[in-house]
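S.K.: please work out how this folds:
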Amino acid sequence: MAVGRDMIATLVAHDGLGQGDVSAARDALAVAGLDVGASAWIEAGEAVDLPFSGNRGAARAALEALDLQADIFVIARANRDCRLFVADMDSTMITVECIDELADYAGLKAQIAEVTERAMRGELDFAEALSGRVALLAGLAEDVIEQCRTERVRLMGGAKALVQTLNARGAHTILVSGGFMPFAVPVGQEIGFQIQIANVLHIAGGKLAGTVAEPIVDAARKRAELLGAIAALGIAPAQAIAIGDGANDIPMIQAAGLGIAYHAKPKTRAAADVAIERGDLSTLLHALGIARKDWAEA
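M.R.: Residues are numbered from 1 along each chain as shown. From the prediction side, this is the model:
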């Protein structure tokens, strides 16, 4: 890659990426008036870099107009030196929304899942929606939480490879969830997150009390944790990456040097710098220029 080109466009397509696709992408960037360097494969037939200088928005628009069967990342070269990774949990690091699955044990899944969906789309105040849903779970036996976790919670594809590789490369990793600590702690530890932050459910007499500890871990708290970690670590904002899928992830995604929407709601996708819409979480490793041979064993 030519020295001086401070931006990188990366195409990631695990179902096959041809030289024709790469040539079309390079031509599109050049037509958009960008100074494009030679392409470089990260993973043959899967992931390729196109270094360039110029406007990120123009590059993204030019590549998206091609309608390639690939996830497209347009990032600053500085973003690849990831020193901080902050991630949402539900529907990002795991495949489910824990509160919806917990509600199923109380026979309330349809009712609560509808509220969850609206909250994640940004149609409801997150804290109010959470408090209302938790209130409906009052009286549910505490041990159902662990039953729910073991029976329903599954890690998202690529989660371990992503987090453990970033750990091995010296990044600080934080799981920050609007969900609950009895899920976040074991999930975060299994994946490899160094810190887990989530809401605390109140328990009374072995049953859910229907309330959650204040202050609730909401959008503002997620953003504050990201900014606090940047300050504590003494890193540049460009070295901080945040990822999530819901509206309550938007402030932290916007505050990060690189904000990523993962199979996300429309508002979150629009707010993010880049989006993963086709691949799993390991796609981000390719976007950071890390070949599979250099991934941590997960």
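S.K.: quick check: Glu190 touching Val153?
M.R.: No - applying C-beta atoms under 8 Å, one finds Glu190 not in contact with Val153, separated by 9.6 Å. From N, CA and C alone the C-beta is placed, and that goes for glycine too.
S.K.: the two: which is more packed in?
M.R.: Remark: of Glu190 and Val153, Val153 carries more neighbours, 18 against 15, as counted by other C-beta atoms under 10 Å.
S.K.: skipping adjacent residues, who's closest to the more buried one in space?
M.R.: Ile94 (5.4 Å; C-beta to C-beta, 6 or more residues apart in numbering).
S.K.: what's the spacing between that neighbour and Leu34?
M.R.: In this view, Ile94 and Leu34 are 38 Å apart by C-beta to C-beta, to the nearest Å.
S.K.: with Ala256 instead?
M.R.: To Leu34, Ala256 is 24 Å away according to C-beta to C-beta.
S.K.: more crowded one of those two?
M.R.: Of the pair Ala256 and Leu34, Ala256 is the one with more neighbours under other C-beta under 10 Å, namely 26 against 21.
S.K.: from memory the more buried one sits against Phe85, does it?
M.R.: No - the pair Ala256 / Phe85 is not scored as a contact, 9.3 Å apart, by C-beta under 8 Å.
S.K.: show the pLDDT at Arg5.
M.R.: Confidence at Arg5, expressed as pLDDT, is 83.
S.K.: mind listing the helices for this structure?
M.R.: Using DSSP state H, the helices assigned to the chain run over residues 19-31, 56-64, 98-104, 109-120, 126-136, 143-152, 159-168, 181-191, 219-233, 250-255, 266-271, 283-287.
S.K.: what residue ranges in the protein score low on pLDDT?
M.R.: 1-4, 298 (pLDDT under 70).
S.K.: follow-up on the earlier one: can you count the residues close to the residue nearest to Val153?
M.R.: Neighbours of Ile94 using other C-beta under 10 Å come to 25.
S.K.: that older thread, can you list residues touching both of Ala256 and Phe85?
M.R.: Residues touching both Ala256 and Phe85 by C-beta atoms under 8 Å, 6 or more residues apart in numbering: 240-242.
S.K.: quick check, nearest of these to Thr10?
M.R.: The closest of the shared contacts of Ala256 and Phe85 to Thr10 turns out to be Ile241 (C-beta to C-beta; 14.1 Å).
S.K.: what is the burial count for Ala87?
M.R.: Using other C-beta under 10 Å, Ala87 is surrounded by 28 other residues.
S.K.: I'd guessed it sits against Ile243; true?
M.R.: Yes - between Ala87 and Ile243 there is a contact under C-beta under 8 Å: 5.0 Å.
S.K.: what's the angle from the top strand by length along the chain to helix 143-152?
M.R.: Longest strand of the chain, by residue count under DSSP state E: strand 172-180. Between the axes of strand 172-180 and helix 143-152, defined by axes from the mean of the first three to the mean of the last three C-alpha atoms, to 10 degrees, the angle is 120 degrees.
S.K.: what's the angle from strand 172-180 to helix 181-191?
M.R.: 150 degrees.
S.K.: Arg169 and Cys82 touch, don't they?
M.R.: Yes - using C-beta under 8 Å, Arg169 makes contact with Cys82 at a distance of 7.3 Å.
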